[in-house]
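>>> Give me the fold of what follows.
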Amino acid sequence: INREKRINCGQCLDACVHQGLQAKGSTLDDLAHYEKRIALLPPAAFGECHNHEEIEQLMHTFIEMGFDEVIELSAYEGAVYDHIGQYRKDNPGGYLISSFCPVVNRLIEMKYPMLLSNMIPFELTAEIAAKRIRQQHENEDVGIFYLCECIAKLPLGKFPYGNKRSEIDHCVSLV
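Numbering: from 1, shown residues only. Predicted coordinates:
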């Protein structure tokens, strides 16, 4: 795999018949390193739930797995949409690109750099939530775990798109 050309899409994982390649995220063993453990759960995690009771069961399952608190991220998505709306007002005209997919962002960065000026700068919902959590628990030993719905998001905690540092401590795959 040519590291210069990879975009973290996961195609190589699917293509490797010997399963020698693996997506590397954190594991639940990392929960032991913190006094307080907070899970960030994307709305996509509820895609298989058929009713409110199943959603509650899912949330309770994460508590049983060792998280002290599970924060559902849809409440934070409004902040991202507000930011994008304001950016459009401040930068009228032209075509703008907003992507929540790290693969699309990386592909644009590597293959279509002429489009970078059209990218709307924003923070991912999980990053916004993590920053607010850090402020609320300023002097506490808190571990923030982003429960990723896609393997392409596993590197976000260590290598966030467009940022130098992330407030997310660990990314754990839900798939």
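
>>> so where is this protein shaky, pLDDT-wise?
Along the chain, the model assigns pLDDT under 70 to residues 1, 13, 19-24, 156-164.

>>> what's the offset of the top helix by length along the chain from the middle of its chain?
Assignment by DSSP state H gives helix 74-90 as the longest helix of the chain. Between the centre of helix 74-90 and the centre of its chain there are 17 Å (C-alpha atoms, centre = their mean, to the nearest Å).

>>> first to last residue in stretch 117-124, what's the distance?
From the first residue to the last, stretch 117-124 extends over 18 Å; the measure is C-alpha to C-alpha, to the nearest Å.

>>> ugh, wrong one, I meant stretch 17-27
In stretch 17-27, first residue to last residue: 24 Å (C-alpha to C-alpha).

>>> Equivalent analysis for stretch 116-136, please.
End-to-end span of stretch 116-136 (C-alpha to C-alpha): 34 Å.

>>> mind listing the helices for the protein?
Under DSSP H, the chain gives helices at 11-15, 52-64, 74-90, 102-111, 125-136.

>>> List the contacts of residue 144.
38, 40, 130, 133-134, 167-170 (C-beta atoms under 8 Å, 6 or more residues apart in numbering). No exception for glycine: its C-beta is placed from N, CA and C like everyone else's.

>>> no wait, residue 120
Remark: with contacts taken as C-beta under 8 Å, 6+ apart, residue 120 is in contact with 84, 87-88, 96-98.

>>> for it, phi and psi?
Here the main-chain torsion angles of residue 120 (degrees, to the nearest 10) amount to phi -80, psi 120.
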